[in-house]
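Trainee: Structure of the sequence below:
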Amino acid sequence: MSAEILPTHTPALFQQAVERAVALLQRGEVVALPTETVYGLAANAWDPDAVARIYAIKGRPAHNPVIVHIADAAQAAQCTPHWPPLADRLSAAFWPGPLTLVLPRSPLVPDIVTAGGPTVGLRWPQHPFMQAVIRACGFPLAAPSANPANALSPSSADHVARSLGDRLPLIIDGGDCNVGIESTVVDVTGDLPRILRPGILSSEAIAHAAGIAIPRTTPDPGTAAPLRSPGQLSRHYAPVAPLVIRRWIDDADLARQLADDRCTPAETWIVSYRRIPDSGRFPNVVLIPDDPEAYARALYGELHRCDQAGARRIVVEAVPDKPAWDGVADRLRRASRVDEAVR
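Mentor: Next comes the predicted model:
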């Protein structure tokens, strides 16, 4: 099987793509759809067999839950029996958008969606195509990122086609994702919000909308089941080439670090945003904007390009230790080898 890829750049093509995606989803198929964060592998959230196909296509561990995407408040009410004031404040501030709320699950939500846990992650995506498909289907969509488990997430239809194009009937090309990393996940089942996965929405923004001071980070719960949200595994979002995070003072310092790693400049791709190496000495330098939102938007695309260029190692300049950068720092940390420390 080779996936059909449908464009959406005119109103007529957009509508044709919606109708094709909806027809497949209603039959229990899995399709790749664009969202503002990353591309998602979508199926009917009410259909356990359809959701099981997501797990099979991705090779996703059964203990890793998937997020349910909705398009209105009525669908949210179907998914959870309890909607606390905290969820009201955060959804009013950030929905539709790159925020997932973890809430008590309703009996309608199949066990496979939540990995057997008592909670469900809900998100109202901002992307117009994803919204149109959910509304036309009339049911919410379970949709983790459209990539093999633990691999680099896709921020374009081409990324999906390269990794899963032979396992899907349909990929919708909605252009490059304008957020570029996965949603911020916030657990609102308690009195205080807990950030389970940082994203482009910072802890400061979450705290301001909630009207409550919250910790900047939350310790990882590890891999014990049941996980309350995706994005909790220590090794995740990883390119094919080993990725390490480094700080360097100048070109000489960077060269010494590469030598310590037994890696030559010719086989190393360097992703930098502030301390830019000399291209004559380091032939494979990737520049990313010095702004957290622009950096997040570019990150996965540049890492995909490093892999496609045959990088044997990717060295990423460490990002600032500031709340606005927490989502990017989290993705880089999980993409790097777990035994590598930032130097």
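Trainee: Check which helix or strand Ile214 maps to.
Mentor: Counting by DSSP states H and E, no helix or strand carries Ile214.
Trainee: Grab the nearest non-local neighbour of Ile249.
Mentor: Distance criterion CB to CB, 6 or more residues apart in numbering; nearest residue to Ile249, sequence neighbours excluded, is Arg275 at 7.7 Å. To be clear about C-beta, it is placed using only N, CA and C from the backbone, and glycine gets the same treatment.
Trainee: how about that neighbour, what does it touch?
Mentor: 248-250, 254, 317 (CB atoms under 8 Å, 6 or more residues apart in numbering).
Trainee: Among those residues, the buried ones, what's the ChimeraX command?
Mentor: To isolate the buried members of those in ChimeraX, using 16 or more other CB atoms under 10 Å:
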select :248,254,317
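Trainee: Let's test this: what are the backbone torsions at the residue nearest to Ile249?
Mentor: Arg275 has phi and psi values of phi -90, psi 90 when expressed as degrees, to the nearest 10.
Trainee: I'd say Ala213 and Ile206 touch.
Mentor: No: with contacts counted by CB atoms under 8 Å, Ala213 stays clear of Ile206, the gap being 10.5 Å.
Trainee: Neighbour count: those two, which is higher?
Mentor: Ile206 (25 against 9; other CB atoms under 10 Å).
Trainee: What helices and strands are in contact with the one helix or strand that one maps to?
Mentor: Taking DSSP H and E as the criterion, Ile206 maps to helix 203-210. Secondary-structure packing of helix 203-210 (3 or more CB pairs under 8 Å, 6 or more residues apart in numbering; DSSP states H and E): helix 85-94.
Trainee: Which SSE is immediately downstream of the helix it packs on?
Mentor: strand 99-104.
Trainee: Go ahead and name everything in contact with that following strand.
Mentor: With CB under 8 Å, 6+ apart, strand 99-104 has contacts from 67, 79-84, 87, 90-91, 118-123, 183-189, 196-197, 199, 201, 228-229.
Trainee: what lines up beside it in the sheet?
Mentor: strand 119-123 (antiparallel), strand 184-187 (parallel) (DSSP bridges).
Trainee: Around Ala294, how many other residues sit close by?
Mentor: For Ala294, using other CB under 10 Å, the count is 13.
Trainee: Spit out the contact partners of it.
Mentor: Applying CB under 8 Å, 6+ apart, the residues near Ala294 are Ile288.
Trainee: For Ser183, see how far away it is.
Mentor: 18 Å (CB to CB, to the nearest Å).
Trainee: Nearest to Asp111 among the strands paired with strand 99-104 would be which one?
Mentor: Smallest distance to Asp111 across the strands paired with strand 99-104 (CB to CB): 10.7 Å, for strand 119-123.
Trainee: Which positions in the helix or strand that comes right after the closest one come out as buried?
Mentor: Going down the chain from strand 119-123, the next helix or strand is helix 128-137, by DSSP H and E. By neighbour count on 16+ other CB under 10 Å, the buried set for helix 128-137 is 129-134, 136-137.
Trainee: what's the angle from helix 128-137 to strand 119-123?
Mentor: 120 degrees (axes from the mean of the first three to the mean of the last three CA atoms, to 10 degrees).
Trainee: so how far is the helix or strand following helix 128-137 from its chain's centroid?
Mentor: Next along the chain after helix 128-137, taking DSSP H and E as the criterion, comes strand 141-142. Averaging C-alpha positions (CA atoms, centre = their mean, to the nearest Å) puts strand 141-142 15 Å from its chain's average.
Trainee: Could you pull out the helices in the chain for me?
Mentor: Ranges of helices within the chain are 11-26, 48-58, 73-79, 85-94, 111-114, 128-137, 157-164, 203-210, 251-260, 292-308, 326-335, based on DSSP state H.
Trainee: Mind pulling the model confidence for Pro323?
Mentor: Looking at Pro323, its pLDDT stands at 94.
Trainee: can you tell me how far Ala92 sits from Leu86?
Mentor: Counting by CB to CB, the gap from Ala92 to Leu86 is 11 Å.
Trainee: ok, those two, which is more surrounded?
Mentor: Comparing Ala92 with Leu86 by neighbour count (other CB under 10 Å), the higher total belongs to Leu86, at 22 against 9.
Trainee: how near is the nearest residue to the more buried one once chain neighbours are set aside to Leu196?
Mentor: Among residues not flanking Leu86 along the chain, Val188 sits closest, at 4.7 Å (CB to CB, 6+ apart). Separation of Val188 from Leu196 (CB to CB) stands at 11 Å.
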